[in-house]
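S.K.: Next come a sequence and a model predicted from it.
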Amino acid sequence: MKRLLCALLFCLVTLQASAAGFSATVDRARLNEGESLDLILESDDATVFGMPDLNPLKQQFEVVSTRQENRLSSFDGKARASTRWVVTLLPLQTGFVVIPPLKLGDAESMPITLEIIKSEAGGKLAPIFIDASLDRESVYVQAQAVLTLRIYHSVSLYDDSSLTPLSIPNARVEQLGDPRTYETDVNGVRHGVIELRYAIFPQQSGELTIPAQVFSATPALRSSGQDYNPFGPRPGRLTRVRSPQIPLQVKAKPASWPANEPWLPARALTLSEAWSPEPAATLNIGDSLTRNLMLRAEGLSSAQLPPLPMQDVAGLRRYPDQPQLRNQTNDKGMAGSREESEALVLSQSGRISLPAVQLHWWNTETDQLETASLPARELQVAHNPSLDVETPTSDAGELPAGDAPLLWPWQLASLLLSLTTLLGFGLWWRARRQPAILPTAQSGPSPRTLLDDIKRACLANDSQASRQAIDAWARQQPETLADMAERFQPLSEALDDLNGTLYSESGHQWQGESLWKAIRSLPPLEATASPQETSPLPPLYPR
């Protein structure tokens with residue numbers, strides 16, 4: 001019976017079912033759970049384009065990758081073109097699994113039967129297996145649970161290994177440091193271990209399920225007598241192992257927790273303070289002190305630590321700094337710290353009392369309420385004579401006559417100030433009566449010089465120089481060049497001829513004599529006659 005089964009499996013491996021030039025084969029038909037195989041689809045029909053329909057595979061397989069290969073070979077003196085698709089599949093179940101028929105156009109492949117062997121208990125004897133564990137079975141809401149993943153491999157792995165990211169709904173996940181690698185002995189076999197640790201903070205009470213993590217890697221397996229080619233395909237097969245799902249019970253806050261207090265479930269919590277400088281037995285008004293308060297909790301992150309309760313005290317001016325938040329990792333998980341610093345300036349003499357600082361927290365190890373506190377402190381502040389303001393020892397009426405203050409310098413200064421104020425007001429009033437914009441004399445060459453430039457450029461038939469000279473001349477005229485061309489037809493025609501020469505692609509030879517004649521013959525602009533106002537004064541030279 002065993003020989004018959006082996007022969008059947010051998011036939012299934014070597015079977016190549018073809019229909020209308022489309023065939024399907026597998027590299028092996030018997031494999032272990034978690035191992036991948038290659039499905040090779042080949043078509044020798046050059047008229048078929050596109051890709052085979054792989055949707056029927058998704059019910060029982062995971063399509064890891066697909067690559068296409070175009071081949072050209074010769075057989076019996078004839079060229080033969082073929083297209084191959086290599087599909088890497090990962091079976092999703094054990095036992096006998098059938099690769100269904102696949103279609104490429106009108107062609108269809110034959111089904112192929114595979115046998116997936118289930119791994120032994122726990123996968124301990126497999127070349128690669130993964131183990132997951134929690135440090136506790138139940139935690140309070142927002143408390144820490146540490147998840148440890150250990151990936152064991154008894155064979156070398158290529159550098160393409162990957163692990164799916166850990167994402168849990170209704171929980172915050174923090175990775176604890178970088179992955180650790182070491183070796184250990186499992187059932188007498190040396191295994192390499194990749195260890196990862198996560199801190200999980202549930203945000204909702206009830207049952208929380210830690211999802212399975214999938215580790216993918218390619219074992220570096222070499223066949224005997226086969227030369228290793230670093231640039232060729234890797235001889236190993238992609239392997240995926242999956243960790244088990246782990247349930248976690250999340251408990252709600254205890255009923256004995258004080259109302260209106262921030263919830264702090266921690267394994268340990270400490271509260272300490274430091275002064276710089278250390279307060280002396282007696283202080284003076286104006287002295288400044290720096291007080292640092294440090295809150296450290298094991299099993300909580302720094303983002304979960306609340307601000308420390310601080311109260312305003314009479315006789316103290318407080319200048320707080322931004323809090324410093326830090327996270328550290330150790331063998332038991334995460335430890336968060338919050339440091340608050342403030343400068344205290346003494347502004348009143350006498351006894352100043354700093355109240356005690358208290359913070360409630362829940363000890364998850366002993367499962368009871370505890371309080372971390374700093375004792376109250378009293379500061380004795382003495383009077384500082386150096387800050388007193390000096391006062392005169394006698395009244396002004398008792399000053400001798402010779403020591404009376406002089407008044408005339410102040411009177412002279414007041415007079416000069418009044419005069420300068422009047423002078424400034426007069427200049428401002430005069431400036432208001434002036435026009436906002438004063439006419440400025442035109443600068444530049446005279447119109448006669450500009451006309452000489454136009455004449456010289458036109459008679460030299462230089463179109464560029466003529467245009468520049470005309471523009472400079474027109475800027476000093478009372479009307480624009482367009483207005484002059486509108487009221488004098490010869491000038492308009494001459495300018496059109498000049499523009500045609502400058503901006504046309506023909507580049508014909510321009511003659512500038514007509515333009516110079518038009519400018520020289522331009523009639524002067526007639527001034528607009530305005531009615532003369534009648535003056536009440538008699539004429540200067542009466543007839």
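M.R.: Arrived safely, thanks for sending. Numbers count the residues shown, from 1 in each chain.
S.K.: where along this structure do the helices fall?
M.R.: Applying DSSP state H to the chain gives helices spanning 2-14, 408-432, 447-459, 463-474, 481-487, 489-503, 513-520.
S.K.: Could you count how many residues lie near Leu415?
M.R.: Leu415 has 10 neighbours, counted by other Cβ atoms under 10 Å. No exception for glycine: its C-beta is placed from N, CA and C like everyone else's.
S.K.: Against Leu289, how distant is it?
M.R.: 55 Å (Cβ to Cβ, to the nearest Å).
S.K.: what stretches of this protein score poorly on pLDDT?
M.R.: Within the chain, the stretches with pLDDT under 70 are 1-20, 46-48, 73-79, 119-125, 221-236, 386-406, 435-445, 447, 505-508, 527-543.
S.K.: For stretch 466-486, which residues meet the burial criterion?
M.R.: Neighbour counts using 16 or more other Cβ atoms under 10 Å place Ser466, Arg467, Ala469, Ile470, Ala472, Trp473, Ala474, Met484, Ala485 of stretch 466-486 among the buried residues.
S.K.: just stretch 158-169 next, same as before
M.R.: The neighbour-count check on stretch 158-169 (16+ other Cβ under 10 Å) flags Leu163, Leu166, Ile168 as buried.
S.K.: From the chain's centroid, how far away is stretch 515-528?
M.R.: 70 Å (Cα atoms, centre = their mean, to the nearest Å).
S.K.: ok so, going back, quick one, which of the helices of the chain gets closest to Pro111.
M.R.: helix 2-14 (10.1 Å; Cβ to Cβ).
S.K.: need the contact list for Ala268.
M.R.: Contacts for Ala268 (Cβ atoms under 8 Å, 6 or more residues apart in numbering) come out as Ala297, Glu298, Gly299, Asn363, Glu365.
S.K.: which ones are touching the closest residue to the last one other than its chain neighbours?
M.R.: In this case it means Glu365. Leaving out its chain neighbours, the residue that sits closest to Glu365 by Cβ to Cβ, 6 or more residues apart in numbering is Arg267, at 5.6 Å. Neighbour list for Arg267: Gln144, Glu298, Gly299, Lys332, Gly333, Asn363, Thr364, Glu365 [criterion: Cβ under 8 Å, 6+ apart].
S.K.: Against Asp287, how distant is Pro277?
M.R.: In terms of Cβ to Cβ, Pro277 sits 9 Å off from Asp287.
S.K.: which of the two has more neighbours?
M.R.: Remark: of Pro277 and Asp287, Asp287 carries more neighbours, 17 against 9, as counted by other Cβ under 10 Å.
S.K.: Phi and psi next, for the more buried one.
M.R.: When read as degrees, to the nearest 10, the backbone of Asp287 gives phi -70, psi 150.
S.K.: Might one say that it is in contact with Ala343?
M.R.: No - Asp287 is beyond contact range of Ala343, at 11.1 Å (criterion: Cβ atoms under 8 Å).
S.K.: where along the stretch 101-250 of the chain do the strands fall?
M.R.: For the stretch 101-250 of the chain, strands defined by DSSP state E, counting those that start in this stretch occupy the ranges 103-104, 107-108, 112-117, 128-134, 138-140, 145-153, 162-163, 171-175, 180-186, 189-202, 206-210, 214-217, 239-242, 246-251.
S.K.: So which of these is nearest Trp429?
M.R.: Closest approach to Trp429 among the strands of the stretch 101-250 of the chain is made by strand 171-175 (75.3 Å; Cβ to Cβ).
S.K.: And the closest one, what does it pack against?
M.R.: Contacts defined by 3 or more Cβ pairs under 8 Å, 6 or more residues apart in numbering; DSSP states H and E place strand 171-175 against strand 189-202.
S.K.: and Val345, what does it touch?
M.R.: Here Val345 is in contact with Gly286, Asp287, Ser288, Leu316, Arg317, Tyr319 (Cβ under 8 Å, 6+ apart).
S.K.: ugh, wrong one, Tyr503
M.R.: If a contact means Cβ under 8 Å, 6+ apart, then Tyr503 has no contacts.
S.K.: Okay, it and Pro179: tell me how far apart.
M.R.: For Tyr503, the distance to Pro179 - Cβ to Cβ - is 74 Å.
S.K.: swap in Leu41?
M.R.: 38 Å.
S.K.: Neighbour count for these two, which is higher?
M.R.: More crowded of Leu41 and Pro179, by other Cβ under 10 Å: Leu41, with 21 against 12.
S.K.: ok, and the closest non-adjacent residue to that one?
M.R.: In space, Leu41 is closest to Trp85, 4.4 Å off (Cβ to Cβ, 6+ apart).
S.K.: Run a quick check on that neighbour versus Thr66, I expect a contact.
M.R.: Yes - judged on Cβ under 8 Å, Trp85 makes contact with Thr66 at a distance of 6.3 Å.
S.K.: More neighbours: these two, which one.
M.R.: Legend: neighbour count by other Cβ under 10 Å for Trp85 and Thr66, higher for Trp85 (19 against 15).
S.K.: Quick check: bridge partners of the more buried one?
M.R.: Leu41, Gln68 (DSSP bridges).
S.K.: Next one: it from Leu316, what distance?
M.R.: For Trp85, the distance to Leu316 equals 79 Å [Cβ to Cβ].
S.K.: For stretch 141-161, which residues meet the burial criterion?
M.R.: 141-147, 149-154, 157.
S.K.: Put together a markdown table for those residues, with distance to Gln348 on each row.
M.R.: Output for the buried residues of stretch 141-161, formatted as a markdown table (distance: Cβ to Cβ, whole Å):
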| residue | distance to Gln348 |
| --- | --- |
| Val141 | 46 |
| Gln142 | 42 |
| Ala143 | 45 |
| Gln144 | 45 |
| Ala145 | 51 |
| Val146 | 51 |
| Leu147 | 55 |
| Leu149 | 60 |
| Arg150 | 62 |
| Ile151 | 65 |
| Tyr152 | 69 |
| His153 | 71 |
| Ser154 | 75 |
| Leu157 | 71 |
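S.K.: Name the nearest of these relative to Gly105.
M.R.: Out of the buried residues of stretch 141-161, the member with the shortest distance to Gly105 (by Cβ to Cβ) is Leu157, at 40.2 Å.
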